[in-house]
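*Asks:* missing the sequence, but the structure's below:
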């Protein structure tokens, strides 16, 4: 139905930058919210950043001032620019999208990407 493909993870030194991208494709009528979550080993998945179709954003306190989320509604993509990375940012990062599959659908369904590893060395 809907596929989300992430790219841009990798290994970076503390203080460095990375940009994650996520493209949604498939049976999509419209997308409401999009966002990024992360999960570190032994920890629960947590929200990093979210953005509505209108461009309103919500960032976790731990990344405010360092991360920026933005999207391209025409291309169904969402990106996360990560600056001043810290070792505690190390995690698998997952993108998500709340998708309306048909014009007559009454609900949005949440889809997830497969995850991309971000490792920040000290």
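*Replies:* Cool, got the structure. Here the structure is a predicted model, which means the values were calculated and not measured.

*Asks:* any idea how far residue 43 lies from residue 88?
*Replies:* 10 Å (Cβ to Cβ, to the nearest Å). Placement of C-beta: from N, CA and C, glycine included.

*Asks:* Tell me the pLDDT of the residue nearest to residue 18 when sequence neighbours are not counted.
*Replies:* Closest residue in space to residue 18, ignoring its immediate chain neighbours: residue 82 at 5.0 Å, by Cβ to Cβ, 6 or more residues apart in numbering. pLDDT recorded at residue 82 is 98.

*Asks:* Retrieve the pLDDT associated with the residue lying farthest from the centre of the chain.
*Replies:* In terms of distance from the mean C-alpha position of the chain, residue 104 ranks first, at 26.9 Å (Cα atoms, centre = their mean). At residue 104, the model reports a pLDDT of 91.

*Asks:* The one 3 residues further on now?
*Replies:* Model confidence at residue 107, expressed as pLDDT, equals 94.

*Asks:* A strand includes it, no?
*Replies:* No - read with DSSP: H, G, I helix; E, B strand; the rest coil, residue 107 is coil and lies in no strand.

*Asks:* what about it, how many neighbours?
*Replies:* 8 (other Cβ atoms under 10 Å).
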